[in-house]
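# Have a look at this prediction, sequence included:
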Amino acid sequence: MMIVSGRYFSFLQQLLLLSSAVGASLLLALPVADAGVDAKFTTSLNVAGAATIVFAALLFFRSEFFSRHALTCGLIAAVVSFAGAWCLIQPLGKVELLAGYWAGVVAAWCLGWFAVERLAAVETGNAGLSWLLRLLIPLAFGAWLLIIWEVMTRGLSIPQVLLPSPSAIAERFASSTATLWADFKQTFLKAVLIGYALGCGSGFVVALLIDRSDFLKRGLLPIGNLVSALPVVGIAPIMVMWFGFDWPSKAAVVVVMTFFPMLVNTVAGLSAADSMQHDLMKTYAAGYRQSLIKMRLPLALPFIFNALKINSTLALIGAIVAEFFGTPIVGMGFRISTEVGRMNVDMVWAEIAVAALAGSLFYGLIGLAERVLTFWHPSFRR
């Protein structure tokens with residue numbers, strides 16, 4: 001039943017792309033130019049877009065013949081889909097968009113979908129190629145999200161105040177690098193990193209103390225649970241009154257937000273060893289410290305890295321939200337709240353892009369460290 005439904009879905013996907021390409025080839029070739037736009041320029045763009053999409057449709061329709069060469073087929077489909085997307089973006093704002101244009105958008109998007117699907121199906125024993133594919137697939141998927149965003153916002157004339165196009169955000173990003181860097185340095189390099197280190201470090205140390213004492217386990221864990229349930233919008237103003245308007249108050253909020261996840265995960269990780277492993281250490285006459293270093297901490301590393309990855313996002317969110325309640329005239333949260341009031345939504349999205357990139361890189365570095373230190377864990381075995 002699953003095989004039949006999968007084939008039926010693939011047939012519908014091919015039919016959708018083929019019909020969209022036929023409509024694009026018929027309608028995109030009709031130039032509809034605004035005043036002051038060269039009709040030959042419009043015609044050349046439309047014909048190029050139509051030709052690209054027709055070729056894409058033929059490639060997709062014959063995809064069954066390339067099933068044994070998924071890598072080659074996926075790379076060709078990706079290149080052709082992005083070439084078609086480039087042709088489709090060029091007429092935006094220059095000509096009147098016909099129904100065939102949107103058929104072309106659907107066709108190019110379907111080919112991009114097919115390219116990602118083919119690349120994801122590639123199985124190779126080459127470590128370098130596998131790493132490249134793991135990087136290429138999300139990049140291609142993300143690029144198509146940006147393309148659809150660009151086409152929809154500009155093609156449907158959505159007001160920039162509601163949703164600016166990626167090109168407008170990129171233009172504002174390029175013209176405001178000095179401001180964005182100052183905000184990044186204030187929020188991420190100071191508040192986030194320092195608060196993250198203090199919160200995770202203190203949570204780890206307290207977890208070691210709790211592991212030694214049942215009294216602390218019964219007393220501190222409920223208190224930690226209570227603190228973790230406190231809303232950040234309630235903590236932030238208090239921290240500003242305690243530590244001032246500069247980055248230390250934001251770091252304090254980050255400490256509160258990251259302390260409990262690290263505490264709970266470390267305590268759970270230290271309890272991961274089973275009775276047979278404990279008995280084995282006893283036969284070696286190992287004391288508490290030797291068992292902790294040689295057995296329990298290595299087994300707790302997956303739990304600790306889970307907390308580190310969770311806290312990498314919580315820390316950035318907490319620092320930005322905390323800046324809404326009092327900060328110097330610098331910082332991501334300050335800039336977002338200020339520019340929203342000025343209706344400079346493109347600058348708000350530029351700050352969001354910086355925060356997203358910083359958070360993703362931070363998470364990626366922690367994930368890389370986890371892979372290096374916990375290579376023995378079953379989740380990293382093939």
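Ah, there it is.

# For the rest of this, base every contact and every neighbour count on C-alpha atoms.
OK.

# Could you look up the SS state of residue 91?
Look at residue 91: counting by DSSP: H, G, I helix; E, B strand; the rest coil, its state is coil.

# ok, it - how many residues close by?
For residue 91, the neighbour count with other CA atoms under 10 Å is 18.

# which phi and psi does residue 124 have?
Phi and psi for residue 124, reported as degrees, to the nearest 10, are phi -140, psi 150.

# Tell me how many other residues surround it.
Residue 124: 11 surrounding residues under other CA under 10 Å.

# Can you tell me the closest non-neighbouring residue to it?
Using CA to CA, 6 or more residues apart in numbering and skipping the chain neighbours, the partner closest in space to residue 124 is residue 130 (6.6 Å).

# Can you tell me the element the one you found falls in?
Residue 130 is part of helix 127-155, with elements assigned from DSSP states H and E.

# low pLDDT regions in the stretch 51-200 of the chain?
51-69, 95-100 (pLDDT under 70).

# in it, which spans are helices?
All helices of the stretch 51-200 of the chain, identified by DSSP state H, counting those that start in this stretch, fall at 70-89, 99-120, 127-155, 166-175, 177-184, 193-212.

# If I take the longest one and helix 70-89, what angle do their directions form?
Taking axes from the mean of the first three to the mean of the last three CA atoms, to 10 degrees, one finds helix 127-155 and helix 70-89 inclined to each other by 20 degrees.

# Figure out how far helix 127-155 is from the centre of its chain.
11 Å (CA atoms, centre = their mean, to the nearest Å).

# next one: the first one
How far helix 70-89 lies from its chain's middle: 23 Å, per CA atoms, centre = their mean.

# cool, and the last one?
Between the mean C-alpha point of helix 193-212 and the mean C-alpha point of its chain there is a distance of 27 Å (CA atoms, centre = their mean).

# before we move on, what about the fourth one?
Centroid displacement of helix 166-175 relative to its chain, using CA atoms, centre = their mean, is 19 Å.

# Same check on stretch 178-189?
Stretch 178-189 has its C-alpha centroid displaced from the chain centroid by 20 Å (CA atoms, centre = their mean).

# List the buried residues in that stretch.
179, 180, 183, 184, 185, 186, 187, 188 (16 or more other CA atoms under 10 Å).

# Would you format the residues you listed as JSON lines with distance to residue 196 included?
Shown next, in JSON lines, are the buried residues of stretch 178-189 (distance: CA to CA, whole Å):
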{"residue": "179", "distance to residue 196": "24"}
{"residue": "180", "distance to residue 196": "21"}
{"residue": "183", "distance to residue 196": "18"}
{"residue": "184", "distance to residue 196": "15"}
{"residue": "185", "distance to residue 196": "15"}
{"residue": "186", "distance to residue 196": "14"}
{"residue": "187", "distance to residue 196": "12"}
{"residue": "188", "distance to residue 196": "10"}
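
# Can you pick out the most distant pair from these?
179 and 188 (13.8 Å; CA to CA).

# Give me the buried positions along the helix or strand hosting residue 359.
Using DSSP H and E, residue 359 maps to helix 345-373. Buried positions in helix 345-373, judged by neighbour count with 16+ other CA under 10 Å: 345-351, 354-355, 358-359, 362-363, 366-367, 370-371.
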